[in-house]
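J.: Quick one, what's the 3D model for this:
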Amino acid sequence: MRHHGVTPIPPASSEETEEEMRQAREDARCIWERALPLWELLDEKETKETKALFGISQVTDATLKRFGVRYLRPARSLVFPWFSPQDATLKGLKLLRVEKKGGTKTYVEETLPRFDSYRNLFGLPLIGRRDTELVLTGWELDALALHQAAGVASLALPRGASSLPPTLLPYLEQFKRITLWLGEDLRSWEAAKLFARKLSLKRCSLVRPGNLQPRPLEALNQGLNVTKILRSALLASHKSIISFRQLREEVFGELVNTEQVSGVRWTRFPELNKLLKGHRRGELTIFTGPTGSGKTTFISEYALDLCMQGVCTLWGSFEINNVRLAKIMLTQFAGRRLEDQLELYDEWADRFEELPLYFMTFHGQQNIKTVIDTMQHAVYMYDITHVVVDNLQFMMGHEHLSVDRLAAQDFIVGAFRKFATDNTCHITLIIHPRKEDDEKELQTASIFGSAKPGGRQRPHPAGP
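T.: Here you go, the predicted model:
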């Protein structure tokens, strides 16, 4: 299922894709054969040290054996298999290693085949036909912990809380009750609410992150009652009217996680964090500046910064074609002039390909309804949480010639604002200001005239 208006970047021919898939599966098979069952390492000391490194000292050998977790010594990585649910053949795998910098521990993942080529659910072959209840997690180690601590059927999403690909939905149809326990931060909670809409709200419950409800592995390590936490999961569906009692825990969560509530913070633009606090879902940011002031270049890096932190991003560039835009973003991503170092192109392009980044294929004038339809499709298919539209003027087509242009512009802004609210998605909208003296500072009236559009949006002028 592919919508005509959205494409991952860069595209590949079917022959190239098939050959890459074949090679990736062969590489996965070789790695799998070289890896050792973690529960059968000859050196008991090595086993203990490896478990401690990954924080799974409490996970038993029986659990590791049931899920088939292996260890690749040369890479010091855990290996999680993806088996076909039909014939139990190896279709791919995920490698997980730990990097330590100072006192910080970071988990680094690598998948074969790449995520954009193949998707699977870790633990799928262990699901029985009669299983009707499931706990869906965002991490393989959490799936291990859940099964061991509560004896429940558990699966791990291939890309954590970043996305729930529609191709995986058929494997989840048999379950009458699905509990989503994706992590311990606010982004995981927001993702759980979004995924519940895909899975049907009526059959979903959500574990709210909190001090006494960390991620499943941490709950196991702390000796918490995992079964009790699962029983306290909140129903995803509710009536149109609720009491404060039902909101109480969410309000407390926002007070505890004040910094997370402010949104995803930019790493490349610390001054932007002071101005906007962070990038939050459900909002509309309007960005403007004179021609040639660098609007597209800045927004490109502004969006790239978020995308590198796992924010699934859709670009709608109606003025600059996608090849040129991708070149700008790749240069910003690499932090160097690749035209002077072409031998490094493939290395950086491979890394860039791993980002959750998609582009609309439109160029030039477009109907607002067509654009909104494409965005809706992208949110469902790719779990997009940030849409960049460059720029609004390309939706001011012939159908608006007979009406006041400011009124038409306000209508389009309203449509984007409604989309952001309804889909819990942030939209960054670039608008050209009306022509004014170069020395005159831009105001809200430079975009909307004397009347401001209602609702929640944040206009920000670009520098001169």
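
J.: For the stretch 101-250 of the chain, give me the ranges with low pLDDT.
T.: Counting by pLDDT under 70, the stretch 101-250 of the chain contains low-confidence ranges at 116-117, 238-243, 245-246.

J.: what about residue 254, how many neighbours?
T.: Using other Cβ atoms under 10 Å, residue 254 is surrounded by 12 other residues. For every residue, glycine as well, the C-beta is placed using N, CA and C.

J.: Provide a list of residues in contact with residue 94.
T.: 79-80, 82, 109-112, 122, 140, 158 (Cβ atoms under 8 Å, 6 or more residues apart in numbering).

J.: one more time with 7 Å, if that's ok
T.: Residues counted as contacts of residue 94 (Cβ atoms under 7 Å, 6 or more residues apart in numbering) are 80, 109, 111, 140.

J.: Show me where the stretch 101-250 of the chain has its strands.
T.: Counting by DSSP state E, counting those that start in this stretch, the stretch 101-250 of the chain has strands at residues 104-112, 133-137, 154-156, 177-181, 204-206, 234-235.

J.: Pretty sure residue 419 sits against residue 374.
T.: No: using Cβ atoms under 7 Å, residue 419 makes no contact with residue 374, being 11.1 Å away.

J.: These two: which is more packed in?
T.: Using other Cβ under 10 Å as the criterion, residue 419 and residue 374 rank with residue 374 on top: 21 against 18.

J.: how about the more buried one, secondary structure?
T.: helix (DSSP: H, G, I helix; E, B strand; the rest coil).

J.: So it versus residue 316, what's the distance?
T.: Separation of residue 374 from residue 316 (Cβ to Cβ, to the nearest Å): 8 Å.

J.: Pull the contacting residues for the closest residue in space to residue 356 that isn't next to it in sequence.
T.: In space, and not counting its chain neighbours, residue 356 is closest to residue 312: 4.2 Å by Cβ to Cβ, 6 or more residues apart in numbering. By Cβ under 7 Å, 6+ apart, residue 312 lies in contact with 162-163, 356, 382-386.

J.: same question, residue 123
T.: Neighbour list for residue 123: 67, 143, 154-156 [criterion: Cβ under 7 Å, 6+ apart].

J.: try it again with 8 Å
T.: Applying Cβ under 8 Å, 6+ apart, the residues contacting residue 123 are 67, 143, 147, 154-156.

J.: Looking at these, which is nearest residue 394?
T.: residue 156 (41.1 Å; Cβ to Cβ).

J.: in the strand or helix carrying residue 32, what counts as buried?
T.: For residue 32, the element it lies in under DSSP states H and E is helix 14-34. Neighbour counts over helix 14-34 (16 or more other Cβ atoms under 10 Å) mark 21, 24-25, 28-29, 31-32 as buried.

J.: Same check on stretch 227-234?
T.: Buried residues in stretch 227-234 (16+ other Cβ under 10 Å): 229-230, 233-234.

J.: Mind putting these into JSON lines with distance to residue 96?
T.: Below are those laid out as JSON lines (distance: Cβ to Cβ, whole Å):
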{"residue": "229", "distance to residue 96": "24"}
{"residue": "230", "distance to residue 96": "24"}
{"residue": "233", "distance to residue 96": "26"}
{"residue": "234", "distance to residue 96": "30"}
